[in-house]
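*Asks:* Have a look at this fold, sequence not included:
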């Protein structure tokens, strides 16, 4: 349902009065004393029922989003979920149970239920779970590095920003439609385990978005351009202001209009110059997913398949993923990144480590219950800290951290890569994509495409998609930018598992050039 500004203000005022949300966990009197007491009770009850290990997560997650089209508000949502989950080990088998009723009686019931489930799961156990050691944390505290809490900013201010951005986009001749939105997440999480760990974390994420559609009525043609450079981040309202949707909207609108008359690409092989807001998605799909250990071992195949980077004994230290200057880092510490945290959902302080070193794959993403599978190959006995659960009602499992292509040693910028290219295509922003079940064969598009001839951009192209096999593509990389050119983008919602869970993750990289990549023309005859 669309509504004008007056209807919107009246509706949201009534909604706010009728649905006052409970205070955040950290402002409640029981945040420390009572919640910690209940967490310890859950652990004690689980151990008394027969668990050799137990952990408990108390979580409150708030999601807010507002969407607009032209000068209409199209949707508003603001809700939260609150509850706890208990996970236990009994004779090497996992059990898990959860509830939204945080009381002493329910804590006891859920802890015993988790133990009963673990005993039942033993019947199907193929290999007992072994947990890697981790350091105790007596009272850990972590909060996203935000400047302004986005939930303290009024809905009216958020709507005004979006409508202003839409108006700026529509000032461009040929721009016909524009959609914009703001999405925010706050995840408050208290965690405790029988390994003497107690942590409290307050995590924020935000996503500003805008999409412009340009229309050529005479030809019945249309093109779109989205705000690919306005990345989702683990930051607050300050990031929305820095993304500056109103200030950038005219440029995105102009590019959508220019795409209407851009030259269709001639299929063939080109040197591709991919800027970070395009390349991040290729990293996500062709490197981050196939280096998840559960996928490589065939233990996770229900959601988008397994991995070509397997089995571990045949790829670790042997698989040439890319050139010698290619280094891929896993971390959960880059400021403002979507995966940043103080401790993962196993209570482990995440490491910063290399997945690919000097072009060769040397590691996978791991959790505490996965490390033992690799110890004979790597000698490692510590988790990388990549355990995550979407909510209190979900059992934690291995989810990717930030996975990033590190910048090169030379201080190269995007302009240097373009200047060194004789016959290429420069691609901006995330577009449609397709990749097979083992993350081996893929096709990626983009938002804007430019022809590069003799070291210069000579004009706009359209209908561009590049196609390759993962090892061939990354081994074709021959230039990357330096530290000053490094940027982060990411995905606000990445699915995995069955039942499915979603997480948010960033991927940093510099611009990079890839030699002789196959380019397709995706256009259709609209005549």
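*Replies:* Perfect, thanks for sending it. Just so it is clear, the model here is predicted, and its values are computed rather than measured.

*Asks:* Bridge partners for residue 69, pull those for me.
*Replies:* Here residue 69 sits in beta bridges with residue 72, residue 179, going by DSSP bridges.

*Asks:* which intervals of this structure have sub-threshold pLDDT?
*Replies:* Scanning the chain with the threshold set as pLDDT under 70 gives 1-32, 524-527.

*Asks:* Now do the helices for it: every range, in order, please.
*Replies:* Along the chain, the segments classed as helices by DSSP state H run 5-18, 33-48, 104-121, 155-170, 237-243, 245-260, 276-283, 293-296, 312-315, 371-378, 414-419, 470-475.

*Asks:* got the ones you listed as TSV, with distance to residue 458 columns?
*Replies:* No exception for glycine: its C-beta is placed from N, CA and C like everyone else's. TSV is the format used below for these (distance: least, CB to CB, whole Å):
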stretch	distance to residue 458
helix 5-18	44
helix 33-48	62
helix 104-121	62
helix 155-170	27
helix 237-243	30
helix 245-260	14
helix 276-283	19
helix 293-296	42
helix 312-315	41
helix 371-378	49
helix 414-419	11
helix 470-475	25
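
*Asks:* Could you count how many residues lie near residue 327?
*Replies:* Using other CB atoms under 10 Å, residue 327 has 18 other residues around it.

*Asks:* who does the closest residue to residue 61 other than its chain neighbours bridge with?
*Replies:* The shortest distance from residue 61 to any non-neighbouring residue, by CB to CB, 6 or more residues apart in numbering, is to residue 187 (4.9 Å). Under the criterion DSSP bridges, residue 187 forms beta bridges with residue 61, residue 203.

*Asks:* Return the residues in contact with residue 187.
*Replies:* 59-61, 201-205 (CB atoms under 8 Å, 6 or more residues apart in numbering).

*Asks:* Kindly report the same for residue 233.
*Replies:* Contacts of residue 233 by CB under 8 Å, 6+ apart are 205-206, 239, 336-338, 488, 490, 506.

*Asks:* between those residues, which is nearest residue 68?
*Replies:* Using CB to CB, residue 206 is the member of the contacts of residue 233 that lies nearest residue 68, at 16.4 Å.

*Asks:* and the closest residue to residue 133 other than its chain neighbours, how many residues sit next to it?
*Replies:* Leaving aside its sequence neighbours, residue 133 sits nearest to residue 381 (CB to CB, 6+ apart; 6.6 Å). For residue 381, the neighbour count with other CB under 10 Å is 11.

*Asks:* isn't residue 381 right up against residue 375?
*Replies:* Yes - contact criterion CB atoms under 8 Å: residue 381 and residue 375 qualify, at 6.0 Å.

*Asks:* Between those two, which contacts overlap?
*Replies:* The overlap between the contact sets of residue 381 and residue 375 (CB under 8 Å, 6+ apart) is empty.

*Asks:* For the residue nearest the centre of the chain, list each beta-bridge partner.
*Replies:* Among the residues of the chain, residue 505 comes closest to the average C-alpha position under CA atoms, centre = their mean, at 2.4 Å. Following DSSP bridges, residue 505 is listed with bridge partners residue 491.

*Asks:* What distance do you get for it to residue 429?
*Replies:* Noted for residue 505: a distance of 18 Å to residue 429, by CB to CB, to the nearest Å.

*Asks:* for residue 153, same thing?
*Replies:* Distance of residue 153 to residue 429, computed by CB to CB: 27 Å.

*Asks:* can you check residue 58 too?
*Replies:* 39 Å.

*Asks:* just to revisit the earlier point, take the helices of the chain and lay them out in TSV including distance to residue 522 and mean neighbour count.
*Replies:* Formatted as TSV, those follow (distance: least, CB to CB, whole Å; neighbours: other CB atoms under 10 Å):
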stretch	distance to residue 522	mean neighbour count
helix 5-18	38	13
helix 33-48	53	18
helix 104-121	47	19
helix 155-170	25	20
helix 237-243	28	19
helix 245-260	13	20
helix 276-283	15	26
helix 293-296	29	24
helix 312-315	33	16
helix 371-378	40	16
helix 414-419	23	18
helix 470-475	18	19
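
*Asks:* and of those, who's closest to residue 519?
*Replies:* Residue 519 lies closest, by CB to CB, to one member of the helices of the chain: helix 470-475, at 12.4 Å.

*Asks:* who does the closest one touch, helix- and strand-wise?
*Replies:* Packing partners of helix 470-475 (3 or more CB pairs under 8 Å, 6 or more residues apart in numbering; DSSP states H and E): strand 441-444.

*Asks:* quick one: strands adjacent to the strand it packs on?
*Replies:* strand 433-435 (antiparallel), strand 464-469 (antiparallel).

*Asks:* Residue 153 and residue 429: who's more crowded?
*Replies:* More crowded of residue 153 and residue 429, by other CB under 10 Å: residue 429, with 22 against 18.

*Asks:* how far away is the residue lying farthest from the centre of the chain from residue 141?
*Replies:* The C-alpha centroid of the chain is most remote from residue 218, which lies 40.2 Å away (CA atoms, centre = their mean). According to CB to CB, residue 218 and residue 141 sit 61 Å apart.

*Asks:* same question, residue 477
*Replies:* In terms of CB to CB, residue 477 sits 41 Å off from residue 141.

*Asks:* So those two - more neighbours on which side?
*Replies:* More crowded of residue 477 and residue 141, by other CB under 10 Å: residue 477, with 21 against 11.

*Asks:* for that one, what are its contacts?
*Replies:* 322-323, 326, 512-515.
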